[in-house]
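S.K.: need coordinates for the following:
(2 chains)
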Number of protein chains: 2
Amino acid sequence: MSSMDFENRKAMIEPNDALDIILASAHRLAPVTVELAKIDGYVLAEDIVAGHDVPPFDNSAMDGYAVLTADITGAGEANPVTLKLIEEQPAGKATDMKVIPGTAIKIMTGAPIPAGADVVVPIEKTSLSGGRVDILVALPLRNNVRSAGEDMPKGSVAVTAGTTVTPVIIGLLASLGYATARVRPKPKTAVIGTGNELIPVEEPLTPGKIRDSNSYTLTAQARACGADVTRLGVAGDTKEDVARLVGLALDSADVVVTSGGVSVGDYDFVKDVLAEMGAELQFWGVKQKPGKPLAFWVLGEKLVFGLPGNPVASVLCFEEYVRPALLKMMGRGHLLRPVITAELTHDFKKKPGRQHFVGVRVTATDRHYQATVNGRQGSGILKSLDGADGIAVIPKDVIEMKVGERVEVQMIGLPEDH
Amino acid sequence: MSSMDFENRKAMIEPNDALDIILASAHRLAPVTVELAKIDGYVLAEDIVAGHDVPPFDNSAMDGYAVLTADITGAGEANPVTLKLIEEQPAGKATDMKVIPGTAIKIMTGAPIPAGADVVVPIEKTSLSGGRVDILVALPLRNNVRSAGEDMPKGSVAVTAGTTVTPVIIGLLASLGYATARVRPKPKTAVIGTGNELIPVEEPLTPGKIRDSNSYTLTAQARACGADVTRLGVAGDTKEDVARLVGLALDSADVVVTSGGVSVGDYDFVKDVLAEMGAELQFWGVKQKPGKPLAFWVLGEKLVFGLPGNPVASVLCFEEYVRPALLKMMGRGHLLRPVITAELTHDFKKKPGRQHFVGVRVTATDRHYQATVNGRQGSGILKSLDGADGIAVIPKDVIEMKVGERVEVQMIGLPEDH
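M.R.: Model (predicted):
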């Protein structure tokens, strides 16, 4: 072990401190303009203001006849009121005709209410013959009339900056004439696997080799966060190969995620390469299990994560540290998963000194949530995370928890608040 | 109103029957092969079987020294056991050397356990000097050894058909050598707005016109389901224009979603065009509010939805009817949102005869969920759905609900079970 390694290991920090350092280094990206058809999932960087009333004019909520309320008082199936049809107004056109007492104008859903009219009688409650229409129902003033500005009055803030664009918000933007909007971009994220023991997925296994899986998993995790992610593949355990891929990543990415290559092993070149490129190591080593060898660098505004090669540690470190950074950069307000309290369904033992992150299945009884460790406790087995609903956080100094004791669980299956 | 219109209106059906008809017409799409890097979110159409043990060989969980348990019994900080270092084995290579009593082989995380060795001592619990290593701790048999096949034994089903591919499952596929897998494709979905009153988003408003928003909202809703969606734009209210866009949509799409153009208005050509193309109308008119004019056609294996032009009705009809169909086609098992029971925070009145779908905000007290209508009750205002957590379902014949009464809420903010 080199003296530098030793110093860094002495400086091993707590998980909460690691997250604080990362979030202090992650900055919201400068706004860009994105067109409406592709804007779902982005976070707005500007307030969306209604430049006109929405809807822009009083319009009909039904296909029917625009008439005067006073004309149809007392109308019914048995005693229809007969009005003169003076116009058939198509959708999308405003008529110049005016509804005066004793007359009606035919109107489609969404069409402007003609001058004079103050109510719309649905077509089903009428009977047309010749140029006359029988009204078979009495209706209150402005029934079936949608008012100008009832959705959003001119000048009002329809959607505030910081909101994530949903399908409904896209509809609001469209109705207000926003063909584009200013949003935070998706962080460009590059994923690199490292390790001589890794071979490509399509190659047959040879003794001592395993297939690269972390680079695929991490790429999918980053995509699930909404990042613009590129999988750069695997760097062999030579310094030149690592330098080539890390350099390529830093050329264009806001965030670089490496997997493997940051333990105390002699074959780990990632930290040397990054130091030579001028990246500043923020920490290396976190008092947690799994994921102890987690490392984090900053190079200008760019973030570099060194994740452990163990597949479970890699998934959990992404979830705990990379994901909140990506969400912050893309402008999201809530960066962490919702946390619930659940009762353990079994005893749990651990050594003191490190906080544990454990994949659990969560079920609900009528009164409580219950958490069950998903697969063998403490294994490095990726399968143990398949189907996990949450990540239980077992505090550093706990050595034993009994069945029924309560534990905090980060719910990976629940939506955060936006 | 034509006689055909009248007949169809007589045949107006219940919401549950409409959903039954739609789901009976929606078929799981034939499997396709997708490469690993793009497979997240697809549903597997084959069982994923382990062709070899995972991990394929016993390997080290730590950087350290592979030794014999018997050699280090009683070792400790105060009484180290000194062993001869006979090899430094890099990751990715299997050594030919064998650990015999009194010797140690240096080993990296993930490297194969050398023959003879039955335990790995972490580097932190050792001290190296010259060709000798002091072991500072006693460890039980196979400590820090990951066993071949402990993740998945050869021949076992690692992931079953019907599972949605998550980042963790991508990692499992990669580790098993699946460079591709068979999955259900994303339904090709085409979205068309109709209506003379609609103008493009970027154009200034003129009297009687409103901007097309539904085609954007529906496109984003379909994308959120995982569909492969194309927004074809807006057909004017001429039969030729409608025929051109609907024809274009049916050329390539599995599912066509139209908005507007299926009320009883005289300017609605969608149903004529579809009839001439040979599409079979399954129903037209559902006893619900909003969304009464919903229509549904089948043309071979293709589905065509006629959604109302009212923006709120359009969003809700997509959610209630189009989304489950898309999910079924892409192979998902659970097609509907999770339903909770919540207490109303206010009185609610409606007319009998139609089931209502109402956007609500849901909050939790210590004992109950509570539901509050989001925005003005019964409005056609898209803004009323912004921030809604769920859709309350008010049964057909209810005319009044009092504060505290319980209502079923479909949770649009919660994940379904996969």
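
S.K.: A:His52 - how many residues pack around it?
M.R.: 18 (other C-beta atoms under 10 Å in any protein chain shown). For glycine as for every other residue, the C-beta is placed from the backbone atoms N, C-alpha and C.

S.K.: from A:Thr160, how far out is it?
M.R.: 19 Å (C-beta to C-beta, to the nearest Å).

S.K.: same thing with A:Glu77?
M.R.: 49 Å.

S.K.: export the longest helix seen in chain A as PDB, just CAs?
M.R.: Determined from DSSP state H, the single longest helix within chain A is helix A:239-252. The C-alpha trace of helix A:239-252 is given here as PDB (Å, rounded to 0.1, in the frame of the first residue of the first chain):
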ATOM      1  CA  LYS A 239      -2.800   3.000 -17.300                       C
ATOM      2  CA  GLU A 240      -2.900   3.900 -21.000                       C
ATOM      3  CA  ASP A 241      -6.200   2.300 -21.600                       C
ATOM      4  CA  VAL A 242      -7.800   3.900 -18.500                       C
ATOM      5  CA  ALA A 243      -6.300   7.300 -19.500                       C
ATOM      6  CA  ARG A 244      -7.700   7.000 -23.000                       C
ATOM      7  CA  LEU A 245     -11.300   6.200 -21.900                       C
ATOM      8  CA  VAL A 246     -11.300   8.700 -19.000                       C
ATOM      9  CA  GLY A 247     -10.000  11.400 -21.300                       C
ATOM     10  CA  LEU A 248     -12.700  10.600 -23.800                       C
ATOM     11  CA  ALA A 249     -15.300  10.800 -21.100                       C
ATOM     12  CA  LEU A 250     -14.100  14.100 -19.700                       C
ATOM     13  CA  ASP A 251     -14.000  15.600 -23.200                       C
ATOM     14  CA  SER A 252     -17.800  15.800 -23.400                       C
END
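
S.K.: pull out the buried residues from it.
M.R.: Buried residues in helix A:239-252, defined by neighbour count with 16 or more other C-beta atoms under 10 Å in any protein chain shown: A:Asp241, A:Val242, A:Ala243, A:Leu245, A:Val246, A:Leu248, A:Ala249, A:Leu250.

S.K.: residue contacts, the last one?
M.R.: Right, A:Leu250. A:Val256, A:Met277, A:Leu299, A:Lys302, A:Val304 (C-beta atoms under 8 Å, 6 or more residues apart in numbering or on different chains).

S.K.: pick the one among those residues closest to B:Ala24.
M.R.: A:Val256 (49.8 Å; C-beta to C-beta).

S.K.: what does the model give that closest one for pLDDT?
M.R.: Looking at A:Val256, its pLDDT is 98.

S.K.: if it is in a bridge, with which residues?
M.R.: As for beta bridges, A:Val256 partners with A:Ala190, A:Val304 under DSSP bridges.

S.K.: that one touches A:Phe305, doesn't it?
M.R.: Yes: in this structure, A:Val256 is within contact of A:Phe305 by C-beta atoms under 8 Å, at 7.1 Å.

S.K.: quick one: neighbours of the nearest residue to A:Leu248 once chain neighbours are set aside, just the number.
M.R.: Sequence neighbours aside, A:Leu232 is the residue nearest to A:Leu248 in space, at 6.2 Å (criterion: C-beta to C-beta, 6 or more residues apart in numbering or on different chains). Residues lying near A:Leu232 (other C-beta under 10 Å) number 20.

S.K.: again with A:His346
M.R.: 13.

S.K.: may I have stretch A:80-99 as PDB, with CA atoms only?
M.R.: Provided in PDB are the C-alpha atoms of stretch A:80-99 (Å, rounded to 0.1, in the frame of the first residue of the first chain):
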ATOM      1  CA  PRO A  80     -90.800  22.700 -25.900                       C
ATOM      2  CA  VAL A  81     -89.800  26.300 -26.700                       C
ATOM      3  CA  THR A  82     -89.400  26.800 -30.400                       C
ATOM      4  CA  LEU A  83     -86.600  29.100 -31.700                       C
ATOM      5  CA  LYS A  84     -85.600  30.300 -35.100                       C
ATOM      6  CA  LEU A  85     -82.300  28.800 -36.300                       C
ATOM      7  CA  ILE A  86     -80.400  31.800 -37.800                       C
ATOM      8  CA  GLU A  87     -76.900  30.300 -38.300                       C
ATOM      9  CA  GLU A  88     -74.900  27.100 -38.200                       C
ATOM     10  CA  GLN A  89     -71.500  28.100 -36.900                       C
ATOM     11  CA  PRO A  90     -68.600  25.600 -37.500                       C
ATOM     12  CA  ALA A  91     -65.800  25.100 -35.100                       C
ATOM     13  CA  GLY A  92     -62.900  27.400 -35.600                       C
ATOM     14  CA  LYS A  93     -65.000  30.200 -37.000                       C
ATOM     15  CA  ALA A  94     -66.600  33.100 -35.200                       C
ATOM     16  CA  THR A  95     -69.900  34.200 -36.600                       C
ATOM     17  CA  ASP A  96     -70.900  37.800 -37.100                       C
ATOM     18  CA  MET A  97     -74.500  36.900 -36.300                       C
ATOM     19  CA  LYS A  98     -76.000  37.800 -33.000                       C
ATOM     20  CA  VAL A  99     -78.500  35.800 -30.900                       C
END
